[in-house]
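In: what's the 3D shape of this:
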Amino acid sequence: MLQFTAPQHRVKGFTLLELLIALAVAGILAALVAPPFSGFLARQQLRSDLNEVVSVLSFARSEAIKRRADVTVDIDSSGDTWNIGVSFGSPSETLRVANGRQQAVTLTGISQVVFNSLGAMESCSTSDCQLELNHSRLGDDKTEVVTISPAGGVRREG
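Out: Prediction:
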């Protein structure tokens, strides 16, 4: 006896219901990941500006030693973003200018530092000679501090 069976066709792909469930799971995961990622970006922006400030101050100190002359660092934090200018000599020759990349990062503290020909801090506009960097989304609990020692060393704290 012959038996005939209908050929079975397997359909490849996803059903609409499976796609909707996958999208719902992806949406829930995205909602859970978004807030920590925002904080991560803010911390990275703060670190980026902190590294730029330390780099400029270290550059100014090394230029003072190299040129055997006083080098002045002027810090302006009055605008939307901070600006730092490094200059030396009379008339003043600008050696380097750095700007804050993020409006959310604020820079407070000193307005001027002078490094002498030995790389030591000649003068500072405040007695503790510290700069504080803060990001508006992180609040006061994540303030980064840059300190310039009397010997001219630049170090990060915070």
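In: any chance you could map the helices in this protein?
Out: For the chain, applying DSSP state H gives helices covering 16-67.
In: List the contacts of the spatially most central residue of the chain.
Out: Centroid check for the chain by Cα atoms, centre = their mean gives Ser48 as the closest residue, at 2.4 Å. Applying Cβ atoms under 8 Å, 6 or more residues apart in numbering to Ser48 gives the contacts 101-102. Bear in mind the C-beta positions are built from the backbone N, C-alpha and C, glycine included.
In: And the nearest residue in space to Phe59 that is not next to it in sequence, how close does it get to Gln45?
Out: Residue nearest to Phe59 in three dimensions, not counting chain neighbours: Arg96, with 5.9 Å by Cβ to Cβ, 6 or more residues apart in numbering. Separation of Arg96 from Gln45 (Cβ to Cβ, to the nearest Å): 21 Å.
In: where in the protein is pLDDT low?
Out: Scanning the chain with the threshold set as pLDDT under 70 gives 1-2, 4, 6-7, 11, 125-127, 140, 158.
In: so who does the nearest residue to Val53 once chain neighbours are set aside touch?
Out: Excluding the flanking residues, the one nearest Val53 by Cβ to Cβ, 6+ apart is Val146, at 5.6 Å. By Cβ under 8 Å, 6+ apart, Val146 lies in contact with 50, 53-54, 57, 130-133, 154-157.
In: How about Gly139?
Out: Residues in contact with Gly139 (Cβ under 8 Å, 6+ apart): none are found.
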